[in-house]
Each structure stands twice: as structure tokens, then as C-alpha cells.
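[1] fold the following, please.
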Amino acid sequence: MNVNQEKVKALGLCSGGLDSILAAIVLQKLGIDVEWISFETPFFSADKAKKAADRIRIPLTVKNITGIYMQMLKNPNCGYGKNMNPCMDCHALMFRLAGEIMDERGFHFLFSGEVLGQRPMSQTRKSLKYVEKHSGMEGYILRPLSARKLDETIPEKNGWVDRNKLLDISGRGRKRQIELAGEFGVTDYPAPAGGCLLTDKGYCHRLKDLLAHKDNVSKNELMLLRFGRHFRTPEGTKIIVGRTMEDNENILKYYDPNSDIMMRVNNYPSPTVLVSGFAKEGDIYLAAAMCAGYGKLPEKVFIEVTAAGANGHKTILVFPVKPSEVKHLLV
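    Residues are numbered from 1 along each chain as shown. Here you go, the predicted structure:
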């Protein structure tokens, strides 16, 4: 390929944050045709990337990678960070997948908004080299904001990018990025934040519990970990009790009608309760009693609870179980 006879094209990993935006603009100003790719799983979304792409009009491809991501997450080469975040192997996987798209669609190299030393675990010099090696894209990943602090890449060696016009930002400070944003006229960008649920202690506790009880989990089961109170019975049954209207709506959105049971109290306000999978009768009655108990209904009175599953609807009569009586089952 003679890139002197065609426009150089670069594909960038985009989180939607300021650094991603600045990296793309730096390359655009060098005459490079840039596009973005953003990957989605139940642990992180492409929402910020979509907003950034709309704001600065960069073509964006969004790809869900839940299946292949779960394979990596169960046994990452470099282990986890503080919770279940496999940052280095996550980045390596994303660059590998982006590299496949690069080859398919004729991009010349990959880029990202990563800044040397900004994150103490995933953006050290050693970590960045690990990602390149294990993604299979060694030499083809350009980090425009820190390029002059890093080894020269193939795009620079081949003259596709002028190294002298790239930046040498490093460290955790944001002053230079904010100054650049002003120079480029970028005024609308999100505050720096994680956004990955694998760094959330409570979510990861539930995720570990789920993986301990099931070898193969669905995308919807992973989504449900975000909503409601989660309980695990001695028999191994998962029971989810909605706390808010949003919880109730999302439990209804993500449950599996072929195997799960949904419960609501008849004639009284109550939370939505999900019994996950094929539960034994005792756990079904316990879930119904919890549905009544969390609804703050009259005590020591039989309450009618409707249970709806693949086999139709059933009315169950139960005494409410107080939240304090099942607290020990909380995940």
C-alpha cells in the first residue's frame, strides 16, 4: 500500500472523554482521516462516545463484545485491579478487536487518548507496552497526547504522522488537556470518571456470586446485577427485590420469561420480585413472602402474591417476611 497516494486513515478507541476527543482532533489537524470505535458490555456503555461523536462529527462504530469479554474476564492474564477490573487485559482485547477492524476496513493505524502516567495501573510505560504486545498490534498503536514521551511507532517511522507535531503530556494533571480544549474550541465534555462497573465494589460482589453459581451467564443476568436487592438462598436460588420504580422497570426489562418467575402482591403496592431460574417450591414461597414483606403490608395476615412464569400465573398465599429476617441472605 502506497499511503502517499491516498489519505491516511486512523481508527481510534473512544471512551467519549476529553482525552479521546483531543487525540482525534490532534490527528485531524495533521490531515489524517479519523474514525472511532467504542466497545460495549454490561459493565460499560458507549453512551459518552456516542455523544462525543455527535458533538465533533466523527464517525463512530459501536460493537457489543460481551461474549468474548466474559471469556477474558474469568481469567485475565494480569489479574484484577482493586475489584474485578482487568484493565490491562481489557485494553489489550479492545486493541486486538480494533486491529481486526483496522485490517478489514483499510485503516493504517490505531490510536487512543491514553496519557502516560495518568492511571497508576493501566497507563504506565510497562502497561502500555504489555497492551501493545498482547493485542498483536505492536507498533501500530499511536497515543497522540503522549507520543513524544513514548517509543516511535510505525505511523511515525513511515511518515504517516509527523512526530514533531504530536504531544508530550504525562502525569495525572489535567491542565494541559484543558488548555488544549480551549485552543480547539472544545467546551462540552464529561468530567473524568471511571464509568466501569468492574471497579464498583458492590457490583463486583454480586458478579462474583453469580459466576460462582453459574458457568455461563447471559447479558441480561449481568445487567440485572445493577438493580434491586439481591439474595441467595441456601438452595442456591437467586431472588431479586426491587427497591425503586426504576429497579422494578429494569427487572421486568431484563428477566428471562422462559425460566424466571416474576412476582407482585395483589391489591397492594409492592416491589417487583424476580426468582431467577428453576427454583424449588420452598424458595418460590420464600420469594413471595419477601415480596409481601418488602411491600410493608399488614403483618400476620395472609397476603395474595401473583407469580408469573413460563407455566402461567399462580396465586400464592403467604405471611409477609420482614426484611430483617432475610438480611443474612443478601448478596
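[2] surely Arg264 meets Thr306?
    Yes: if you go by C-beta atoms under 8 Å, Arg264 and Thr306 touch, sitting 5.7 Å apart. Placement of C-beta: from N, CA and C, glycine included.
[3] of these two, who's got more company?
    Each of Arg264 and Thr306 has its neighbours counted (other C-beta atoms under 10 Å); Arg264 has more, 19 against 15.
[4] which SS class is that one?
    Assigned with DSSP: H, G, I helix; E, B strand; the rest coil, Arg264 falls in the strand class.
[5] and Ile240, what does it touch?
    Taking C-beta atoms under 8 Å, 6 or more residues apart in numbering, we find Ile240 in contact with 224, 227-231, 251, 273-274, 276.
[6] equivalent analysis for Leu13, please.
    Leu13 makes contact with 20, 36-39, 94-95, 98, 110-112, according to C-beta under 8 Å, 6+ apart.
[7] number of nearby residues for Tyr268?
    Counted with other C-beta under 10 Å, the neighbours of Tyr268 add up to 14.
[8] from Ala181, how far out is the nearest residue to it once chain neighbours are set aside?
    Excluding its sequence neighbours, the residue lying closest to Tyr268 (C-beta to C-beta, 6 or more residues apart in numbering) is Leu297, at 5.3 Å. Here the criterion is C-beta to C-beta, to the nearest Å. By it, Leu297 lies 54 Å from Ala181.
[9] coming back round to it: ramachandran coordinates for the residue nearest to Tyr268?
    Backbone torsions of Leu297, given as degrees, to the nearest 10, read phi -100, psi 170.
[10] my guess is it contacts Lys322. True?
    No: here Leu297 lies out of contact with Lys322, judged by C-beta under 8 Å, at a distance of 11.0 Å.
[11] looking at the two, which one has more neighbours?
    Neighbours were counted for Leu297 and for Lys322 using other C-beta under 10 Å; Leu297 has more, 17 against 13.
[12] for the spatially most central residue of the chain, list each beta-bridge partner.
    Nearest to the mean C-alpha position of the chain, by C-alpha atoms, centre = their mean, lies Phe44 at 1.7 Å. Per DSSP bridges, the residues bridged to Phe44 are Thr41.
[13] contacting residues for it?
    Residues in contact with Phe44 (C-beta under 8 Å, 6+ apart) are 195-198.
[14] now the residues you listed as JSON lines including secondary structure, pLDDT and neighbour count?
    Listed next are those as JSON lines, based on DSSP: H, G, I helix; E, B strand; the rest coil; pLDDT from 0 to 100; neighbours: other C-beta atoms under 10 Å:
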{"residue": "Gly195", "secondary structure": "coil", "pLDDT": "81", "neighbour count": "15"}
{"residue": "Cys196", "secondary structure": "coil", "pLDDT": "93", "neighbour count": "19"}
{"residue": "Leu197", "secondary structure": "helix", "pLDDT": "96", "neighbour count": "22"}
{"residue": "Leu198", "secondary structure": "helix", "pLDDT": "96", "neighbour count": "21"}
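[15] where does this protein have low pLDDT?
    Scanning the chain for pLDDT under 70 picks out the ranges 1-5, 193-194.
[16] could I get the buried residue list for the top helix by length along it?
    Longest helix in the chain by number of residues (criterion: DSSP state H): helix 87-105. Within helix 87-105, the residues that count as buried by 16 or more other C-beta atoms under 10 Å are 87-95, 97-99, 102.
[17] show me where the stretch 151-300 of the chain has its strands.
    Secondary structure of the stretch 151-300 of the chain by DSSP state E, counting those that start in this stretch: the strands cover 229-232, 238-241, 261-265, 273-276.
[18] so which of those strands gets nearest Leu329?
    Closest approach to Leu329 among these is made by strand 229-232 (4.2 Å; C-beta to C-beta).
[19] who's in contact with the closest one?
    Defining contact as C-beta under 8 Å, 6+ apart, one finds that strand 229-232 is touched by 206, 209, 213, 238-241, 243, 290, 294, 326, 329-331.
[20] just these: which are in helices?
    Secondary structure assignment by DSSP H places 206, 209, 213, 290, 326 of the contacts of strand 229-232 in helices.
[21] mind putting those into CSV with distance to Lys74 and neighbour count?
    Formatted as CSV, the ones in helices among the contacts of strand 229-232 follow (distance: C-beta to C-beta, whole Å; neighbours: other C-beta atoms under 10 Å):
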residue, distance to Lys74, neighbour count
Arg206, 16, 20
Asp209, 14, 15
His213, 14, 14
Met290, 31, 27
Val326, 30, 20
